[in-house]
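[1] coords please:
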Amino acid sequence: MLPARSAAPAPPERVMAPASPFPAPRCHWPRTPGGAAAAPPCGWVGARSPEGSPSLPPPPRSAAAMVPKAEPNRGDPAITKAPGDTKRHRYIKLQNGLNALLISDINNVDEEFSEEGGAESEIETDNDNDSGTDSKDDGENSDSKDDEKVKPEESPSDLDMEIEGLAVEEAWAEPTGKKDEDESTEKMSAAALCVTVGSFCDPEDLPGLAHFLEDMVFLGSLKYPDENGFDVFLKKHGGSGNASTDCELTVFHFDIQQQYFKAALDRWAQFFIHPLMIRDAINREVEAIDNEYQLAKPCDANRWEVLLGSLARPGHPMRKFFLGNAETLKHEPKKSNIDFYTRLKDFWQNYYSAPYMNLVVQSKGNTRYKFCIFFLSNFCGLPKPSFDHLTDHFDTREFHRLYRVVLVSNIHLLNIIWALSPQERNYRVKPLRYISWLVGHEGKDSILSFLRKKYLWAVALSGGNAETGFEQNSTYSIFKISVTLTSEGYEHFYEVASVVFQYMKMLQKVGPDKRIWKEIQKINDNEFSFQDQVGPINYVENICENMHLFCKQDFLTGNQLLFDYKPEVIAEALDLFCPQRANLCLLSTNNEGKCPLKERWLEMQYSVEDIEQYWAAVWAFDFELNPDLRHPEENEYLATDFSLKAPDFPEVDYPVKVLNTPQGCMWYRKDNKFRKPEAYVHFHLISPEVQRSAESIVLLDIFVSILPLNLSEPACGADIAKLEYKLVAGEHGLIIRVKGFSHKLPLLLQLIIDHLSDFMSAGKLQFTPLAHPCPVQFRVVDLPNTHLLCKVKTFNKGDANSEVTVYYQMHMEEPCFSFLRTKETLGYHVYPAYRNNSGIIGFSISVTTQATKHNSEFVDKKIEEFLLYFEEKMKLLTEDAVFLQAHSLINTKEYEDTFLGEEMDRHWKEIVSQQYLFEKLTCEIEALKSLTKEDLIEWFQVLRGKDRRTLSIHVVGYGEQEQDSEFAAVSDVQGPLLGEHPQLTFLPPSSYMKNTAFIRHIKDFTSTLNLLPYHKILQ
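    Next up, the predicted model:
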């Protein structure tokens, strides 16, 4: 994903779109979100001999011999892509078994662009220790100095010439043409590698080994031995990298500025060819895994998944503990005399094999075969693991019962789960998507509409299969319906479940409806045809996972489109949705005290019981259908006109104010780049009443919560047709955002306005001029010239996680991560952040740690140590190093927008803040061009000087390092109960920061401070 241009860095996100009101992880505790895991239904053959036994390693072959002959064409016509997709995709399979997809990202068909030539290949000489130049074995790394120089190749080797010749002559030789001067020249290149081995392959005596290996392979290679060299190289050149471990997949990916892509690809490939995995790093990485485990423990979604997995039949890999922790990766192996290092190396040797790998490479210009040379190794390990022999994985008495679970979140949920045979083979029909679309429909005659209107038992409902490794893999598919209940609905959860079963029975009786399937197909077709571009790193990650799931022609479409209407396939799936096959799970904080059992790993409290006899008897027979539950009507919001509007405005680079009245103003810009039949419309309804009192702020929040509930049924069709709206309680008024296909967007906007008017009982919205200009900023308090500490206890009893943020009022990313996470192992999340609080600039460093391991003030001191170390490191920088870093940041700010929404968001920030500096990026680039080493050091010394203003915020978990005598008694995470009003508990500093002024009451403290004037960035 492209880095944010002006937003503060955020802690790594670990979840994807939820299938229930609490976030559900896309895969099992990745370093970053991964994707669906499953064996491919077609196209791949495992590394076995004809008799089915493991094949012997092939004799050594030259790299050129392993590259297949290319068909002379301009991209692979067998790969279906969107009509407006100008990228060229070329699929190859090397003779060592590795599958590769090469993507040439060319926006202009007349453009000729070479990866190795032209102005893009800036001269760059790295003197940092991120290469093999410091290796003890000079002979082994004698070429690494040349690799360190990122520049056009002057004399490629014979091997390079041979492979490049293949690519140029038989692949994508671009026609010569003039480059469009208006087209941005900056774009990221990216690569992703997917290994079809994941946590299902964990040894029984080493839970979490696959996840641990994912981390270990990144700690240096034989050619580039520095532990953090790759991360340093990426950050220096505007890139990022990460990985994730799923049930049957492990995915690695990175992106970087295009001119440094080849050098980065070489470094990255070495992790899979010859990773060091040194013994000395094992304990530190185990600590990192254990920190990740501690972060996962309070997450309701993680806890529920592990509990559900424990209900599988004995011997099924779903019962394994995928994440791992210090107990499974350190203490237990030591007790059992397991040679952990040897087992780790064996796992890599056996499973990280070329036939199990898919590589996807995307770069602007010609993407040539030579990119694959780094992977032309004779990887050869064990045959690919198969779990086809496992059947009826959840068909057990324990699964078909009622579970009551204690949640950390303040919410009532009813989950109804069916475990089905694996459905990935039906991806061209997508029966579960058809069923999910009907179950999740919120319009008239739907489950949710009935539960809301008739009984007020539910406020939200979601249903379906998330297509992740946990919910869909080669052994089973999970279908989950999750209902967010009201307090009354919690008391009548059996009745709620019965309504769901009535709806499923109605679908079975009526059978598949071709009109509905075709409507879903049309919506997906429209979305695919006009889809927004995604960042290269997300694009290659998704495709390398798709390559394991779909035939070549469907690499880009298999997870998005419906192809074949087969009612018998849908009917067969529907027949599986009977009450007797379901698992019921009631999740709530109200279950506290009723759940004596505890899941082993994440310690979720639960109880288990048989379904009540009355309801079991009702559902066992041919119960009556509910006449209020029916199929949805035709969708009036489905767009059919995709023509572009005729030019109605001069072409301009930035928004222009086209309307200015006492009641308000309007800004407009006609898109002339993406040229899609869509629009983005934002409104900011400003009112000085919002900031009059705390009550006014709360009332606006309540209003913004209620209005979408009122809109959910009438606007359901718009939502399904991919017309989006969002209501936001802004700091100074109501913000309304709508986007989607231009044809039907006015219908949605009118619906919102009508409901807004009805809610206000005004008949028609009225706007009056403001009596006085309403500031759209806050005045920020001026912190005193000292170090302040605000330390409070977490609300969740038993939660060991602490968060330490040190804020400096008035940027450094990779050194911060390396010092505080890798070397000091203080926590899993370590991140710096640039902060702009109503025009007042500052930055912060945040660390997530555990009170069972570190006192929060000890972590605070380590942050201070890092800043001292960083200051000394800055003084040693050369002017060239500062120039190169500034140049890298300039390149980042020059990235072209990948879709219209990015441009809209950037301009909208200027309008909402009333700064109107639409050319801010250009101004920042000009400022960076004149940046010197002295400027940087002077700024840092002012920030750290005698007049510095520092505020430390500690939210402290429960653990012995925080002197919690009650920790042993409260070992499970307990959130506040519904209806409770938690109060902040302020803590005094310990001996680490005993001389630091601390805050006892926030309002009392801020009331004594001066307010800084309003500040806007206008130039």
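[2] which intervals of the stretch 151-300 of the chain have sub-threshold pLDDT?
    Within the stretch 151-300 of the chain, the segments meeting pLDDT under 70 span 151-186.
[3] in which helix or strand would I find residue 544?
    Per DSSP states H and E: residue 544 is located in helix 536-549.
[4] residue boundaries of the helices in the stretch 251-400 of the chain?
    261-273, 282-296, 300-309, 326, 332-335, 340-351 (DSSP state H, counting those that start in this stretch).
[5] among these, which is nearest residue 939?
    Set against residue 939 and scored by CB to CB, the helices of the stretch 251-400 of the chain come closest in helix 261-273, at 29.5 Å. Glycine gets a C-beta too; all of them are placed from N, C-alpha and C.
[6] Moving C-terminal from the lengthiest helix in the chain, which element do we reach first?
    For the chain, the helix with the greatest residue count under DSSP state H is helix 856-875. Once the chain leaves helix 856-875, the next helix or strand it forms, by DSSP H and E, is helix 879-893.
[7] buried set for that next one?
    By neighbour count on 16 or more other CB atoms under 10 Å, the buried set for helix 879-893 is 881-882, 884-893.
[8] Between these, which sits nearest residue 778?
    Out of these, the member with the shortest distance to residue 778 (by CB to CB) is residue 893, at 26.9 Å.
[9] contacts for stretch 672-688?
    Stretch 672-688 has contacts (CB atoms under 8 Å, 6 or more residues apart in numbering) with 84, 530, 639, 641-644, 651, 730, 732-743, 745, 749, 767, 770-772, 774, 776, 897, 899-901, 904, 908, 911-912.
[10] go on, stretch 387-404?
    By CB under 8 Å, 6+ apart, the surrounding residues in contact with stretch 387-404 are 200, 307, 311-313, 315-318, 419, 474-476, 580-588, 591, 594-595, 606-612.
[11] follow-up on the earlier one: quick one: which of the helices of the stretch 251-400 of the chain is nearest residue 921?
    Residue 921 lies closest to helix 261-273 among the helices of the stretch 251-400 of the chain, at 23.2 Å (CB to CB).
[12] quick one: that closest one to chain centroid distance?
    Offset of helix 261-273 from its chain centre (CA atoms, centre = their mean, to the nearest Å): 24 Å.
[13] Does anything pack onto that helix? Which helices or strands?
    Identification of packing neighbours for helix 261-273 by 3 or more CB pairs under 8 Å, 6 or more residues apart in numbering; DSSP states H and E yields helix 144-148, strand 188-195, helix 229-236, strand 250-257, strand 357-364.
[14] What is the subsequent helix or strand relative to the last one?
    The reference is to strand 357-364. For strand 357-364, the following helix or strand on the C-terminal side (DSSP H and E) is strand 402-406.
[15] Let me see the mean pLDDT of that following strand.
    Per-region confidence: strand 402-406 scores 97 on mean pLDDT.
[16] I'd like the next helix or strand past that strand.
    Following strand 402-406 in sequence order, the next helix or strand is strand 412-420 (DSSP H and E).
[17] Okay, angle between the following helix or strand past that next one and strand 412-420 too, please.
    Next helix or strand after strand 412-420 toward the C-terminus (DSSP H and E): helix 431-439. Counting by axes from the mean of the first three to the mean of the last three CA atoms, to 10 degrees, helix 431-439 lies at 150 degrees to strand 412-420.
[18] okay, helix 431-439 in CSV with CA atoms only?
    Taking C-alpha atoms only, helix 431-439 is exported to CSV below (Å, rounded to 0.1, in the frame of the first residue of the first chain):
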residue,chain,number,x,y,z
PRO,A,431,-23.1,-20.7,-3.6
LEU,A,432,-22.0,-19.3,-0.2
ARG,A,433,-21.8,-15.7,-1.6
TYR,A,434,-25.3,-16.1,-3.0
ILE,A,435,-26.6,-17.4,0.4
SER,A,436,-24.6,-14.7,2.3
TRP,A,437,-26.1,-12.0,0.1
LEU,A,438,-29.6,-13.1,1.0
VAL,A,439,-28.9,-13.6,4.7
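[19] hmm, back to that, from the contacts of stretch 387-404, list just the buried residues.
    The neighbour-count criterion (16+ other CB under 10 Å) marks 200, 307, 311-313, 316-318, 419, 474-476, 582-588, 591, 595, 606, 611 among the contacts of stretch 387-404 as buried.
[20] Of the residues you listed, which belong to strands?
    Mapping the buried ones among the contacts of stretch 387-404 onto strands (DSSP state E) picks out 419, 582-588, 606.
[21] Let me know the closest of these to residue 345.
    residue 419 (35.9 Å).
[22] what about residue 692, neighbour count?
    The tally of other residues near residue 692 (other CB atoms under 10 Å) stands at 10.
[23] and what of residue 346?
    15.
[24] Same check on the one 4 residues further on?
    Residue neighbour count, defined by other CB under 10 Å, stands at 15 for residue 350.
[25] Next: residue 505.
    For residue 505, the count of nearby residues is 21 (other CB under 10 Å).
[26] so how far is residue 610 from it?
    To residue 610, residue 505 is 22 Å away according to CB to CB, to the nearest Å.
[27] and the gap between the nearest residue to residue 897 once chain neighbours are set aside and residue 97?
    Closest residue in space to residue 897, ignoring its immediate chain neighbours: residue 903 at 4.8 Å, by CB to CB, 6 or more residues apart in numbering. Using CB to CB, residue 903 is found at 43 Å from residue 97.
[28] do the same with residue 524
    33 Å.
[29] so what's residue 331 scoring on pLDDT?
    Looking at residue 331, its pLDDT stands at 97.
[30] buried ones in the longest helix of the chain?
    Across helix 856-875, burial judged by 16+ other CB under 10 Å covers 856-860, 862-863, 866-867, 870, 874.
[31] Include pLDDT and distance to residue 450 when you put these into JSON lines, please.
    As requested, the buried residues of helix 856-875 are exported to JSON lines (pLDDT from 0 to 100; distance: CB to CB, whole Å):
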{"residue": "856", "pLDDT": "94", "distance to residue 450": "49"}
{"residue": "857", "pLDDT": "94", "distance to residue 450": "54"}
{"residue": "858", "pLDDT": "93", "distance to residue 450": "55"}
{"residue": "859", "pLDDT": "93", "distance to residue 450": "51"}
{"residue": "860", "pLDDT": "93", "distance to residue 450": "53"}
{"residue": "862", "pLDDT": "91", "distance to residue 450": "56"}
{"residue": "863", "pLDDT": "91", "distance to residue 450": "54"}
{"residue": "866", "pLDDT": "89", "distance to residue 450": "57"}
{"residue": "867", "pLDDT": "89", "distance to residue 450": "59"}
{"residue": "870", "pLDDT": "88", "distance to residue 450": "60"}
{"residue": "874", "pLDDT": "89", "distance to residue 450": "64"}
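[32] Now render the helices and strands packed on helix 261-273 as a markdown table, adding mean neighbour count and distance to residue 412.
    As requested, the helices and strands packed on helix 261-273 are exported to a markdown table (neighbours: other CB atoms under 10 Å; distance: least, CB to CB, whole Å):
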| stretch | mean neighbour count | distance to residue 412 |
| --- | --- | --- |
| helix 144-148 | 16 | 58 |
| strand 188-195 | 28 | 38 |
| helix 229-236 | 22 | 43 |
| strand 250-257 | 28 | 35 |
| strand 357-364 | 26 | 42 |
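[33] what about the helix holding residue 544, distance to the chain center?
    Here the centre of helix 536-549 is set off from its chain's centre by 14 Å, with CA atoms, centre = their mean.
[34] cool, stretch 872-879 as well?
    Offset of stretch 872-879 from its chain centre (CA atoms, centre = their mean): 35 Å.
[35] Mind telling me what element residue 902 is part of?
    In the assignment (DSSP H and E), residue 902 maps to helix 900-912.
[36] ah, wrong one, I meant residue 679
    According to DSSP H and E, residue 679 maps onto strand 678-686.
[37] Tell me the helix or strand right after that strand.
    As assigned by DSSP H and E, the chain's next helix or strand after strand 678-686 is helix 694-711.
[38] one step back: give me the buried positions along the helix holding residue 902.
    Residues of helix 900-912 classed as buried by neighbour count (16+ other CB under 10 Å): 900-905, 907-908, 910-912.
[39] closest to residue 960 among these?
    Checking the buried residues of helix 900-912 against residue 960 with CB to CB, the nearest one is residue 905 at 45.1 Å.
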